[in-house]
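Undergrad: All I have is the shape, not the residue letters:
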């Protein structure tokens, strides 16, 4: 009987040492971005299951980021277009709001004409996610206030950005989807 109790005691001590040695601490993830880009699991699930139906989705194999482009802006056009895109960085639990453009040269300038006819030049943002977010939100404000947006080409031609009702609605919906996607418990508490 003592032989079995020695074996049992040995396994009990061994198991206790194993449990103590394997105790897991909380896993700390490295944060790279601003807190306003953080997503939560519920908001991401809602976006992917419900809202993503209005987007064309593709993953960049190099960065492993998911790009959600509004389907309304996928149509072929010869008119200049600027539209928002949601980028989901699932490796960092972050989402970004960037912009893409069609039929606009890299050297083109962008102007806003207010209700009094005053023209103000906007600066194109760099590739920084924060600058692009500010730029898209500025365009959202401009669209909501019915100001004109003009694209100035190098040859001196000025072309207005003209959004159809469905494009305008889609533009505003993308910004709202991004806000819902990045709304966390801490951001709700700040409101």
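TA: In hand now; what should we look at? Note that the structure is predicted; figures quoted are calculated from it, not measured. Residues are numbered from 1 along each chain as shown.
Undergrad: what about the helices in this structure?
TA: Under the criterion DSSP state H, the chain carries helices at the ranges 2-21, 41-49, 129-144, 165-181, 185-190.
Undergrad: wait, residue 109 sits on residue 151?
TA: Yes - using Cβ atoms under 8 Å, residue 109 makes contact with residue 151 at a distance of 7.4 Å. From N, CA and C alone the C-beta is placed, and that goes for glycine too.
Undergrad: More neighbours: which of these two?
TA: Neighbour totals were compared for residue 109 and residue 151, and residue 151 leads with 21 against 16 (other Cβ atoms under 10 Å).
Undergrad: For the more buried one, list the residues it contacts.
TA: 80, 104, 108-111, 158-161 (Cβ atoms under 8 Å, 6 or more residues apart in numbering).
Undergrad: Provide a ChimeraX selection command restricted to the buried entries of these.
TA: Applying 16 or more other Cβ atoms under 10 Å to those, the buried members can be selected in ChimeraX as follows:
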select :80,104,108,109,110,111,161
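Undergrad: Give me the nearest residue to residue 135, chain neighbours excluded.
TA: In this structure, residue 135 finds its nearest non-sequential neighbour in residue 125, 4.3 Å apart by Cβ to Cβ, 6 or more residues apart in numbering.
Undergrad: How much space separates residue 115 from residue 160?
TA: Separation of residue 115 from residue 160 (Cβ to Cβ, to the nearest Å): 15 Å.
Undergrad: cool, and residue 148?
TA: With distances taken as Cβ to Cβ, residue 148 is found 6 Å from residue 160.
Undergrad: returning to that earlier point: where among the helices of the chain is average confidence lowest?
TA: For the helices of the chain, the bottom mean pLDDT is recorded on helix 185-190, which sits at a mean of 50.
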